[in-house]
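>>> task: produce atomic coordinates for the following.
(2 chains)
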Amino acid sequence: MEDPNKQPNSGQTAGENKSLNFIEQIIEEDIRTEKYGKRVHTRFPPEPNGYLHIGHAKSICLNFGLSKKYGGKCNLRFDDTNPTKEDTEYVDSIKEDVKWLGFDWDGEYYASDYFETLYEYAVKLIKKGKAYVCDLTQEEIAATRGTVTTAGTLSPFAQRSIDENLDLFARMRKGEFEDGTKVLRARIDMASPNMLLRDPILYRILHAEHHRTGNDWCIYPMYDFAHGQCDSIEHITHSICTLEFEVHRPLYEWFIKELEIYAPQQIEFARLNINYTVMSKRKLLSLVQENVVNSWDDPRMPTICGLRRRGYTPEALQNFAEIISVAKRDNVIDVSLLEHCLREDLNKKAQRVMAVLNPIKLILTNYPENGEELLDAVNNPEDISTGLRKVPFSRELFIDQDDFMEVPQHKFFRLSPGNEVRLKSAYIIRCNDVIKNADGSIKELHCTYDANTRTGLSDSNRKVKGTIHWVSVRHAVEIETRLYDKLFLPENPEDIEEGEDFRSNLNPDSLKITSSFAEPFIKNMKPLDKVQFERVGYFCVDADSTSEKPVLNKTVGLKGSWQKTV
RNA sequence: UGUCCCGUGGUGUAACUGGCAACACGUCUGACUCUGAAUCAGAAGAGUUCAGGUUCGACCCCUGACGGGACAACCA
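Below you'll find the predicted structure:
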């Protein structure tokens, strides 16, 4: 019997037995107490100075997911307060990536939309005697800030009168001063144990063209003076951000309090880390700039565009975000979990195709010289509604080198001399002879097929140990296969010897471009289409693909306990 | 040696807010299979960083250690 006094479902979502993550718990508590009425309004606030990566995907899924779950809203806001680093190229790519991931934002905003308001906020602080114009140089400001264990010293300019500050700040805006000669600072506490509270800079002079406001401004707010207020202006309820902004929270709250404006609740979570890769924008940028990879959307990159080109699906990424959940402790997720989510999705969706990556020729000596037939093959056994396709079969075939062993090792149940194996969707064959080249390497395999064992025929359910894939030589389509491996060798790319950096951990074999043979069906595929090369792995048609020469990116291999060389 | 945050199987996340730890990935068995995939069945693996305290009882509360992380850009 249940204790009637026990709170039902506390810590549990109604209807599900999945427990709530710590953010959901806070939100549900806020809804219960009507802290913001019953509103939930989140936002995803990227700076348009680079491409989004899978860490951002976690944040996107979190913010948009929360608003969806609680029937709220989620804005897309670009924190574009530094015109020297930002560009519309990035806002476009960010919007594309968010949409592709499967989300629609309620409002599209820019911190630059609020420049005038932010300026007024600054004036308000000056009028309250809480901000002043400081003429110290960058070096002097750094030197007087103190250290983490010792207090800083007050700027000599902190004593300026309100009127003088008002005048100077207005003239900063007018463009009367050179870059770097003056800044507006908040007057807080030079002795605060929180360095960010030691009279932080609010505005700096930057005679730079902004991607949206052009040359309207020559002073720009610092991120810290913009971010929290933007959330306030948009009436965000829960400002979700990563852990490093935890120390900034007191500053944001100070601004909100002094400005007497709406107060959102900031909640920090641990950013995503995945082993064998790097996630910092700076490092990813260096990989692109130094041509370690070919572009931001190189399929080896953990960028959203890179993953897309690699063959990832939005569903796989969303599910991944769901499974890793969110917490405050530092974490390193095993790539195998990401790949699991990918395979799980692709297994249900991918068109099956046969392709041979390391060909070895096989001749069916008892098959008619010019004989040829079209066999039925299942498009996707996980989804029979996708039906069948025709695969051409003939006397000469390619099979994969891995599927043949002249001297089979224990438990090898593919092809070997004297043994039978099934050709997927075709016949059972037996290997009779191994023909060799002068150097001893295998030239071709001579086999015989059993005509009654064709898929669907009387003897077709005869049991044989193995089934292998194949491609008819005469009908084979030559394709380019780009085989990707992890970008870094050690689990932690930052794990380096003295004097080296993460680049020394790069995997020299992260990309292998090879030529392979596929069944003709591959010609029907368009860029971004996904296929599973049976028994090999999932592949995705690359944008470089042409009808003469299809190009396939290896997305991820199939799981397998036996050793594959692909 | 400052302030703040964090510490649960190999990895990640839970544990109804005090009743001796669950789920997922991974790993290993076995079944099935015209993909050594998928699917199905099962196993191993932590006694919750450590030491005290409160309590009948602590992963959960308190204290202290230890360990990890964040913070001193006119970056975000």
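
>>> for the residue in chain A that RNA strand B sits nearest to, list the residues it contacts.
Closest contact between chain A and RNA strand B, by CB to the nearest atom of the strand, is at residue A:455 (2.4 Å). Every residue, glycine included, has its C-beta placed from N, CA and C. By CB atoms under 8 Å, 6 or more residues apart in numbering, the residues touching residue A:455 are A:375, A:376, A:425, A:426.

>>> what about it, which SS state?
Per DSSP: H, G, I helix; E, B strand; the rest coil, the secondary structure class of residue A:455 is coil.

>>> do residue A:392 as well
Residue A:392 - assigned by three-state DSSP - is strand.

>>> count the neighbours of it for me.
Residue A:392 is flanked by 16 other residues according to other CB atoms under 10 Å.

>>> which residues of the stretch 451-566 of chain A lie near RNA strand B?
Residues of the stretch 451-566 of chain A lying near RNA strand B by CB under 7 Å from any atom of the strand: A:453-456, A:460-461, A:463, A:466-467, A:532, A:534-535, A:558-562.

>>> can you list the domain ranges for chain A.
According to automatic domain parsing, chain A comprises the domains A:22-269, A:281-351+A:480-557, A:359-469.

>>> quick check, pLDDT for the residue of chain A closest to RNA strand B.
Residue A:455 is assigned 92 on the pLDDT scale.

>>> now swap in residue A:413 and tell me
Residue A:413 carries a pLDDT value of 89.

>>> that one should be in a helix, yeah?
No. Under three-state DSSP, residue A:413 falls outside any helix and is assigned coil.

>>> re the thing from before, please indicate which of the residues of the stretch 451-566 of chain A next to RNA strand B are buried?
Burial by neighbour count, 16 or more other CB atoms under 10 Å: within those this picks out A:453, A:454, A:455, A:467, A:532, A:534, A:535, A:558.

>>> which positions in the stretch 101-250 of chain A make contact with RNA strand B?
So far as CB under 7 Å from any atom of the strand goes, the stretch 101-250 of chain A lies against RNA strand B at A:136-138, A:141-142, A:145, A:147-149, A:179-183, A:193-196, A:201, A:204-206, A:220, A:222-224, A:227, A:243-248.

>>> follow-up on the earlier one: among the residues of the stretch 451-566 of chain A next to RNA strand B, which are in strands?
A:467, A:532 (DSSP state E).

>>> now do the helices in the stretch 1-150 of chain A.
With DSSP state H, counting those that start in this stretch as the criterion, the stretch 1-150 of chain A has helices at A:22-33, A:54-69, A:88-101, A:115-127, A:138-144.

>>> report the mean confidence score over the fourth one.
Predicted confidence along helix A:115-127 averages 98 (mean pLDDT).

>>> need the contact partners of that helix.
By CB under 8 Å, 6+ apart, helix A:115-127 touches A:111, A:131-132, A:162, A:165-166, A:169, A:173, A:184, A:186, A:202-203, A:213, A:216-217, A:220-221, A:225-226, A:229, A:233, A:255, A:258-259, A:261.

>>> repeat that for the third one.
Contacts of helix A:88-101 from elsewhere in the structure, counted by CB under 8 Å, 6+ apart, are A:44, A:46, A:48-52, A:56-57, A:60-61, A:76, A:78, A:80, A:105, A:108, A:211, A:296, A:304-305, A:308, A:314, A:317-318.

>>> which of the residues you listed are buried?
The buried subset of these - by 16+ other CB under 10 Å - is A:44, A:46, A:48-52, A:56-57, A:60-61, A:76, A:78, A:80, A:105, A:211, A:296, A:304-305, A:308, A:314, A:317-318.

>>> so where's the stretch 451-566 of chain A uncertain?
The stretch 451-566 of chain A contains residues with pLDDT under 70 at A:563-566.

>>> can you show me the strands along it?
Using DSSP state E, counting those that start in this stretch, the strands found in the stretch 451-566 of chain A span residues A:467-468, A:471-472, A:477-484, A:511-518, A:530-533, A:537-541, A:551-557.

>>> with distance to residue A:394 as added columns, please give those strands in JSON lines.
Converted to JSON lines, the strands of the stretch 451-566 of chain A look like this (distance: least, CB to CB, whole Å):
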{"stretch": "strand A:467-468", "distance to residue A:394": "17"}
{"stretch": "strand A:471-472", "distance to residue A:394": "5"}
{"stretch": "strand A:477-484", "distance to residue A:394": "14"}
{"stretch": "strand A:511-518", "distance to residue A:394": "13"}
{"stretch": "strand A:530-533", "distance to residue A:394": "20"}
{"stretch": "strand A:537-541", "distance to residue A:394": "24"}
{"stretch": "strand A:551-557", "distance to residue A:394": "23"}
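
>>> quick check on the contacts of helix A:115-127: which are buried?
Those of the contacts of helix A:115-127 that meet the buried threshold are A:111, A:131-132, A:165, A:169, A:173, A:184, A:186, A:202-203, A:213, A:217, A:220-221, A:225-226, A:229, A:233, A:255, A:258-259, A:261, by 16+ other CB under 10 Å.
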